[in-house]
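Colleague: here are the coordinates; sequence isn't available:
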Ligand SMILES: [Zn+2]
């Protein structure tokens, strides 16, 4: 039985001679228990992903192929990260899912709904509470700690694809550490633009060996991958690859001696909501006024700062009232 068949096998049996199409409604809990297996995937499919993840953790930054069975979410919408999460999640996990740093965007909301419907786990917006954090485009502003797992959704796992279209050749280049063409590509970027202009997917060297694409997280988040206390797992569903950065592993963005790596510059800007000046700030355009403003990309962190400010203001009010 292939993993795809195994995933479907957990669903209801089709009547003899008929073909039954699986719908998202089938994944929702039914009276008397879950119609589908815990976390949707069949246990055999989960084990295959977990075996692959073990290899990925053992060889940091190395892309390991996996079966990537079909899910009730289209490829390109986070199925790689979703399969990693489904394979690891247990009934006692606390789950946080973000998209562009936001808990409330469409992709995050729908992935969360599917996981809650098929596991019943507790969810949170506070990154410090999460045992499993699935994300597209961001890591949380508060550095993750020991025991936490970050699962990143990856559209393009191969960092060499832009300089080499052949899969056979990129495999050879990784195996031999032959990254000359990547360096030339960065050099040409510097010559033309004055600096490396990549704003996301910035190539990093992991554990002093493989070059890895860190997924579409901004340059801002890369320093938080270096020697991090948490485990980072990266899943690409469409490309059928997983790779990993174990805790306390070096992750160094590629840079030249005379053109060092830099993060995004938000000097002179502040979040319009909480006033933070030390977070990754999104530019938001207000079509009513025609003006743009900046706000924290990490909405969970922004909420924590706002709550702390409200708490401090309440204490000051009570002191002023002589209580
Ligand atoms: Zn804010």
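Modeller: Great, that's in hand. Bear in mind that the values here come from a model prediction, so they are computed numbers and not experimental data.
Colleague: For the ion, what's the nearest residue on the stretch 51-200 of the chain?
Modeller: As assessed by CB to the ion, the ion sits closest to residue 141 within the stretch 51-200 of the chain, at 9.3 Å. For glycine as for every other residue, the C-beta is placed from the backbone atoms N, C-alpha and C.
Colleague: Now do residue 227: how many residues are near it, please.
Modeller: 12 (other CB atoms under 10 Å).
Colleague: Tell me how far it lies from the ion.
Modeller: Note on residue 227: its distance to the ion, by CB to the ion, to the nearest Å, is 27 Å.
Colleague: Same question for residue 300.
Modeller: Here the distance between residue 300 and the ion works out to 10 Å (CB to the ion).
Colleague: Tell me who's in contact with the residue of the stretch 51-200 of the chain closest to the ion.
Modeller: 127, 279-280, 296, 298, 301 (CB atoms under 8 Å, 6 or more residues apart in numbering).
Colleague: nearest to the ion, of those residues?
Modeller: Checking the contacts of residue 141 against the ion with CB to the ion, the nearest one is residue 296 at 3.2 Å.
Colleague: give me every residue that touches the nearest residue to that closest one once chain neighbours are set aside.
Modeller: Nearest residue to residue 296, sequence neighbours excluded (CB to CB, 6 or more residues apart in numbering): residue 302, at 3.8 Å. When contacts are counted by CB under 8 Å, 6+ apart, residue 302 touches 271, 273-274, 276, 279, 295-296.
Colleague: Could you grab the helix/strand/coil label for residue 302?
Modeller: helix (DSSP: H, G, I helix; E, B strand; the rest coil).
Colleague: Provide the strand pairings for whichever helix or strand residue 151 is part of, with the direction of each partner.
Modeller: Per DSSP states H and E, residue 151 falls inside strand 149-153. Its sheet considered, strand 149-153 pairs with strand 132-136 (parallel), strand 231-236 (parallel) by DSSP bridges.
Colleague: For my notes, please list those strands in CSV and give distance to residue 190, mean neighbour count and mean pLDDT for each entry.
Modeller: CSV is the format used below for the strands paired with strand 149-153 (distance: least, CB to CB, whole Å; neighbours: other CB atoms under 10 Å; pLDDT from 0 to 100):
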stretch, distance to residue 190, mean neighbour count, mean pLDDT
strand 132-136, 29, 25, 96
strand 231-236, 27, 26, 98
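Colleague: can you list those in TSV and add distance to residue 93?
Modeller: Shown next, in TSV, are the strands paired with strand 149-153 (distance: least, CB to CB, whole Å):
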stretch	distance to residue 93
strand 132-136	5
strand 231-236	14
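Colleague: and this protein, which of its residues are near the ion?
Modeller: By the rule CB under 5 Å from the ion, the part of the chain lying against the ion is 271, 273-274, 276, 296, 302.
Colleague: coming back round to it: what lies in contact with the next helix or strand after the strand holding residue 151?
Modeller: Next in sequence after strand 149-153, counting helices and strands by DSSP H and E, comes helix 167-176. Applying CB under 8 Å, 6+ apart, the contact partners of helix 167-176 are 62-63, 158, 160-161, 164, 178-179, 181, 210-211.
Colleague: Which among the residues you listed count as buried?
Modeller: Buried members of those, scored by 16 or more other CB atoms under 10 Å, are 62-63, 158, 160, 164, 179, 210-211.
Colleague: any weak-confidence spans in the stretch 101-250 of the chain?
Modeller: Of all residues in the stretch 101-250 of the chain, none has pLDDT under 70.
Colleague: which residues touch the residue most central in space within the chain?
Modeller: The centre of the chain sits closest to residue 152, judged by CA atoms, centre = their mean, with a distance of 2.2 Å. Listed by CB under 8 Å, 6+ apart, the contact partners of residue 152 are 81, 134-136, 214-215, 217, 232-235.
Colleague: in the sheet, who's paired with it?
Modeller: The partner residues for residue 152, given DSSP bridges, come to residue 135, residue 234.
Colleague: Spatially nearest residue to residue 86 (excluding sequence neighbours)?
Modeller: Using CB to CB, 6+ apart and skipping the chain neighbours, the partner closest in space to residue 86 is residue 39 (4.2 Å).
Colleague: if we can go back for a sec, redo the contacts of residue 302 as JSON lines? Include pLDDT and secondary structure.
Modeller: Putting the contacts of residue 302 into JSON lines (pLDDT from 0 to 100; DSSP: H, G, I helix; E, B strand; the rest coil) gives the following:
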{"residue": "271", "pLDDT": "97", "secondary structure": "coil"}
{"residue": "273", "pLDDT": "95", "secondary structure": "coil"}
{"residue": "274", "pLDDT": "96", "secondary structure": "coil"}
{"residue": "276", "pLDDT": "96", "secondary structure": "coil"}
{"residue": "279", "pLDDT": "97", "secondary structure": "coil"}
{"residue": "295", "pLDDT": "96", "secondary structure": "strand"}
{"residue": "296", "pLDDT": "97", "secondary structure": "strand"}
